[in-house]
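**Q** starting from these lines, generate the structure:
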Amino acid sequence: REVGERAAAEARLRRAQAELVQAGKLSALGQMSAGISHELNQPLMAIRSFAENAETFLARDNPQAAGRNLERISELARRMGRIIRNLRAFARQESEPVRDVDLVGVIEAALEMAAARARQAEVTIDWTPPEAPVVVRGGEVRLQQVVLNLVGNAIDAMEGRARKRLSIAIARDAGRVRLTVRDTGPGIDAPDRIFDPFYTTKEVGAAEGMGLGLSISYGLVQSFGGAIRGRNHEEGGAEFTVELDPAQASEAA
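**A** A predicted model of the protein is given here:
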């Protein structure tokens, strides 16, 4: 009976954790909704303009110019499709076990979703992707959530600062892959509490100030067998490091 009760309690805990993770993702999507609508509205307006121009060029018997407009329409449609595909993948509940994931692709998708928010906040993003994929052990959607949380927190932290620069880098260290996200904000008040649930330095009652993003990220990274740390950088600002196992290490094991 005790074993059965414990198994039932663990099952309830897993369900609660999954619901909390999903709530965190929906909260992030809500914060990005205004920027996302702008990201989709711009190419829609451009598509309408290019389509009208193409119609005019065809009426003037200028198929070359009309063709160039149609090419631009195709490019914009692909861009919109990529944004929507990223959002749909991010919103779904991921139940797949830990597997090999391209960390570069995860970062690119997260930055694309946060691009409008970063532009609105006038944040400069320093990110030079490696030439080759960097494959790590994790879950694609859950890892995107971790990166998006770190990027979103960095953007919020730099509000009101004269210099707003977000730096993202990937490196290999001691057999692990290290992702670093650094900002030029005021730094972390209490580094030892930063991953505690409901700990936040944002305004009480703010939708983005629940203090669950980093706590969720901590649990997700641990579920991949990785580690996440936060500290104040020597040159100012906060720096978060996510360490993950490379795919080669899992194959060797």
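
**Q** distance check, the spatially most central residue of the chain against residue 167.
**A** Geometric centre of the chain, nearest residue: residue 148, 2.5 Å, by Cα atoms, centre = their mean. Here residue 148 is placed at a distance of 16 Å from residue 167 (Cβ to Cβ, to the nearest Å). To be clear about C-beta, it is placed using only N, CA and C from the backbone, and glycine gets the same treatment.

**Q** from residue 121, how far out is residue 74?
**A** As for residue 74, its distance to residue 121 is 31 Å (criterion: Cβ to Cβ).

**Q** and the strands in this structure, which stretches?
**A** When assigned using DSSP state E, the strands of the chain occupy the ranges 99-102, 124-127, 135-138, 165-173, 176-182, 227-232, 238-244.

**Q** mean pLDDT, mean neighbour count and distance to residue 63 added to those, as CSV?
**A** Below are those laid out as CSV (pLDDT from 0 to 100; neighbours: other Cβ atoms under 10 Å; distance: least, Cβ to Cβ, whole Å):
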stretch, mean pLDDT, mean neighbour count, distance to residue 63
strand 99-102, 91, 17, 41
strand 124-127, 94, 14, 40
strand 135-138, 93, 24, 45
strand 165-173, 93, 16, 44
strand 176-182, 95, 20, 49
strand 227-232, 91, 16, 56
strand 238-244, 94, 22, 52
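
**Q** closest to residue 112 out of those strands?
**A** strand 124-127 (11.2 Å; Cβ to Cβ).

**Q** can you tell me the strand partners of that closest one and which way each runs?
**A** The strands beside strand 124-127 in its sheet (DSSP bridges) come out as strand 165-173 (parallel).

**Q** tell me the angle the strand it pairs with makes with strand 238-244.
**A** 30 degrees (axes from the mean of the first three to the mean of the last three Cα atoms, to 10 degrees).

**Q** then strand 165-173 to CSV, C-alphas only?
**A** Output of strand 165-173 as CSV, limited to C-alpha atoms (Å, rounded to 0.1, in the frame of the first residue of the first chain):
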residue,chain,number,x,y,z
ARG,A,165,24.1,44.4,-25.1
LEU,A,166,23.2,40.7,-24.9
SER,A,167,26.1,38.2,-25.7
ILE,A,168,25.5,34.6,-26.4
ALA,A,169,28.4,32.1,-26.9
ILE,A,170,29.0,28.3,-27.1
ALA,A,171,32.2,26.7,-26.0
ARG,A,172,33.5,23.3,-25.0
ASP,A,173,35.0,22.8,-21.5
